[in-house]
Every structure is written in C-alpha cells, then in structure tokens.
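**Q** Next input, structure requested:
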Amino acid sequence: MTAAHPTIAPLLLYVAAEFPSAATERVAIYQSELFTDVLPAATRRFEAEGVGRLIWTTAVEGDRPEPGAWDRSLAIMRRQMLGETEPVAACFVGA
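**A** All right, here's what the predicted structure looks like:
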C-alpha cells in the first residue's frame with residue numbers, strides 16, 4: 001500500500017512487476033482524484049496488467065495538482081489510506 005507521487009508510482013509498479021505473478025495485485029496505490037489528469041500512462045498500464053491497483057480518493061473542490069494547492073485533498077487521501085489499511089509499519093520517502 002502506498003500513496004505515491006504520480007511520478008513515483010510507475011517506478012514502484014515497475015519493481016513490483018519483477019516479482020513472480022500473484023493471485024492479487026502486489027501494490028495498492030492511493031491517489032487523489034485531483035491527479036486524474038496528470039497520472040502517467042505507465043501507472044494505468046501496470047494497473048491494467050494486474051500488477052497494482054489504483055484506489056481513488058475524493059479531491060476537495062478548489063484544490064489544484066500543484067504544491068501548496070493540494071493539501072486538503074492529500075489529507076483526505078492519507079486518512080483514507082491509513083484508515084483502510086491500518087499499517088503496522090511505514091517507510092517514508094521524500095519530504
């Protein structure tokens with residue numbers, strides 16, 4: 001499970017695709033609907049191939065897919081991701 005930046009998600013899915021096939025998706029990527037129009041085609045391709053699954057979360061009206069204008073939408077995404085998955089450990093990359 002991850003909340004990946006739209007440019008990092010394809011990399012995570014690429015690595016997951018290197019592992020043997022599994023009965024279920026290997027990676028669940030939470031994305032805000034705010035990024036629907038800027039999501040790389042590679043992310044959608046890996047989902048179509050069954051490597052990962054995109055879980056879309058609600059975007060806040062007025063937010064934009066740019067730094068400083070997405071905070072409310074990302075807060076919704078993070079709350080949903082952590083609430084649905086209840087992780088026991090975490091690894092954070094970036095700021």
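**Q** thinking Ala28 is in contact with Trp56, fair?
**A** No - using CB atoms under 8 Å, Ala28 makes no contact with Trp56, being 11.6 Å away. For glycine as for every other residue, the C-beta is placed from the backbone atoms N, C-alpha and C.
**Q** and Met77, what does it touch?
**A** Ala3, Tyr30, Gln31, Ser32, Thr57 (CB atoms under 8 Å, 6 or more residues apart in numbering).
**Q** in the sheet, who's paired with the second one?
**A** Here Tyr30 sits in beta bridges with Ile55, as judged by DSSP bridges.
**Q** Make a ChimeraX selection of the buried ones in the contacts of Met77.
**A** Selection of buried members from those for ChimeraX, criterion 16 or more other CB atoms under 10 Å:
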select :3,30,31,32,57
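**Q** possible to save the contacts of Met77 as CSV with distance to Ala17 and pLDDT?
**A** Putting those into CSV (distance: CB to CB, whole Å; pLDDT from 0 to 100) gives the following:
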residue, distance to Ala17, pLDDT
Ala3, 20, 59
Tyr30, 19, 87
Gln31, 18, 89
Ser32, 24, 92
Thr57, 24, 96
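**Q** Return the closest of the contacts of Met77 with respect to Phe92.
**A** Phe92 lies nearest to Ala3 out of the contacts of Met77, by CB to CB, at 10.1 Å.
**Q** so where is this structure shaky, pLDDT-wise?
**A** 1-7, 22-25, 93-95 (pLDDT under 70).
**Q** Spell out the residue ranges of the helices in it.
**A** Assigned by DSSP state H, the helices in the chain fall at 9-17, 41-48, 71-85.
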